[in-house]
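*Asks:* Let's see this in three dimensions:
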Amino acid sequence: MPLGGRTLALVALLLAGACTAPPPSTPTAPAKSLADQATFLLANPAGLTLLDESCRSLGKLIELPAQSAPAYPAMHPSRKSIAFGITLLAAKKTGFGSDIYTVNLDGTGMRPLVEHEGENVFYASPRFDQTGNILYFHRRAAILNPAGQYLGNEDSVERLDLRTGERKRLLKDAADPDISPDGRTIVFIHVVDGQLDPTGLWIAGADGADPHKLFGRDSFYYVQTPRFAPKGDAIVFSGAGHTVALPSRTPKLAHLSVPSELFLTGVASPALRSLTQTVDDVAPAWSADGSRLAYVGTGAFFVVTMADQSVKTCAQGQDFFFGDVLWLR
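*Replies:* Take a look at the predicted model:
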């Protein structure tokens, strides 16, 4: 079939362009993803929301399945992806429970790392070691008698080698773990008869060896979310009903009318210090340099400056009544 006039003209233009050196092009920077523009990530029933430095929403990191709720986001050491717990309310073959997923910070590659294997089995609090090859997490499973009656919970801290798939239970009666920056120590909440141990924080080796209380006389009504400082020399956690009097701010009350505060303790030389009243129990998140803490609660997003313990309200609104913050940069 002979070529038409329009086709011949186009071929001639292409040939002419091929024989002529193109002008030098100016390299263009790749378009920034939303995560590149974000300072914080907030995980709550609304999804995985990216926030700028003024705590203004930039949008969702990724659209999650309907009827799901993410929690406990953790940064991979590469700072290119995160792991998070997710409760999928829609029916699954394994029944109601929660899993641990990972997703890249550009919103791609979401996939499960640990999936619950049965009804009322929950996985939470994922934490990478410093290599990014080992994942620590909390497993909770309901205990039922042969008649199906609920008898309590079984709590443990487990470790998964992401290279080989090898999985091991490290600690029984343990919850809410965090791994030190050098990968040598786990801090966790001890569980007694299905209830949180009022003696506070416990620590153990990264292999689960030598679990013991971090400090002695102190006890609490409730403790949660221990988080190592970026240098590994201190731990912050949320506690309520502390039995030892400490200097604190204007008293406020958490749920059940029990005072709730953020506490800081050393690791080598445990010594408690109250940072601020938080009204309700919260999940604190460190900035990368350890100079600030962020948390949400009571309808606001707060930032604590460690140097003077000043507290700034970054934003307010219905999205900030509870949730888990991850400081991206």
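*Asks:* When you work out contacts or count neighbours from here on, use the C-alpha atoms and nothing else.
*Replies:* OK.
*Asks:* what pairs with A74 across the strands?
*Replies:* Beta-bridge pairing for A74 (DSSP bridges): A83.
*Asks:* Contact partners for it?
*Replies:* With contacts defined as Cα atoms under 8 Å, 6 or more residues apart in numbering, A74 is in contact with 82-84, 125-128, 326.
*Asks:* Swap in 6 Å and give it another go.
*Replies:* 82-83, 127 (Cα atoms under 6 Å, 6 or more residues apart in numbering).
*Asks:* Redo those as CSV? Include pLDDT, distance to L162 and neighbour count.
*Replies:* What follows is these, written out as CSV (pLDDT from 0 to 100; distance: Cα to Cα, whole Å; neighbours: other Cα atoms under 10 Å):
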residue, pLDDT, distance to L162, neighbour count
I82, 98, 14, 22
A83, 98, 12, 26
R127, 98, 12, 26
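*Asks:* What's the separation between the closest residue to K231 other than its chain neighbours and P45?
*Replies:* Residue nearest to K231 in three dimensions, not counting chain neighbours: P181, with 6.8 Å by Cα to Cα, 6 or more residues apart in numbering. Counting by Cα to Cα, to the nearest Å, the gap between P181 and P45 amounts to 29 Å.
*Asks:* Who has more neighbours out of these two?
*Replies:* Neighbours were tallied for P181 and for P45 using other Cα atoms under 10 Å; the higher tally belongs to P181 (19 against 16).
*Asks:* So the more buried one: helix, strand or coil?
*Replies:* Reducing the assignment at P181 to three states with DSSP: H, G, I helix; E, B strand; the rest coil gives coil.
*Asks:* helices and strands of the protein: which one has the lowest mean pLDDT?
*Replies:* helix 5-18 (a mean of 34; mean pLDDT, DSSP states H and E).
*Asks:* Now the element after that one, going C-ward?
*Replies:* helix 34-37 (DSSP states H and E).
*Asks:* Using CSV, write out the CA atom coordinates for that following helix.
*Replies:* Backbone C-alpha positions of helix 34-37 (Å, rounded to 0.1, in the frame of the first residue of the first chain) are rendered in CSV as follows:
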residue,chain,number,x,y,z
LEU,A,34,3.6,13.6,49.1
ALA,A,35,5.9,11.8,51.6
ASP,A,36,8.8,13.9,50.4
GLN,A,37,6.9,17.0,51.4
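*Asks:* Name the residues of it that are buried.
*Replies:* Of the residues in helix 34-37, those scored as buried under the neighbour-count criterion (16 or more other Cα atoms under 10 Å) are 34-35.
*Asks:* same thing with stretch 283-299?
*Replies:* Neighbour counts over stretch 283-299 (16+ other Cα under 10 Å) mark 283-287, 290, 292-298 as buried.
*Asks:* Low-confidence stretches in the chain?
*Replies:* 1-32, 90-91, 216, 244-259 (pLDDT under 70).
*Asks:* any idea which residue sits dead centre in it?
*Replies:* Closest to where the C-alpha atoms of the chain average out (Cα atoms, centre = their mean) is P73, at 2.4 Å.
*Asks:* Ignoring the adjacent residues along the chain, who's closest to it?
*Replies:* According to Cα to Cα, 6+ apart, the nearest residue to P73 is F84 (4.3 Å).
*Asks:* S219 too?
*Replies:* Counting by Cα to Cα, 6+ apart, T199 is the residue found nearest to S219 once chain neighbours are left out, at 4.3 Å.
*Asks:* again with A268
*Replies:* Nearest residue to A268, sequence neighbours excluded (Cα to Cα, 6+ apart): D233, at 7.2 Å.
*Asks:* all strands of the stretch 201-329 of the chain, in order?
*Replies:* Assignment of strands within the stretch 201-329 of the chain using DSSP state E, counting those that start in this stretch yields the ranges 212-213, 222-228, 234-240, 260-266, 273-277, 285-286, 292-297, 300-305, 310-316, 324-327.
*Asks:* how far off strand 234-240 does the helix or strand where the residue nearest to S219 lies point, in degrees?
*Replies:* Here T199, judged by DSSP H and E, is contained in strand 195-205. Computed with axes from the mean of the first three to the mean of the last three Cα atoms, to 10 degrees, the direction of strand 195-205 lies at 170 degrees from that of strand 234-240.
*Asks:* contact partners of strand 195-205?
*Replies:* Here strand 195-205 has contacts from 184-191, 210-214, 219-221, using Cα under 6 Å, 6+ apart.
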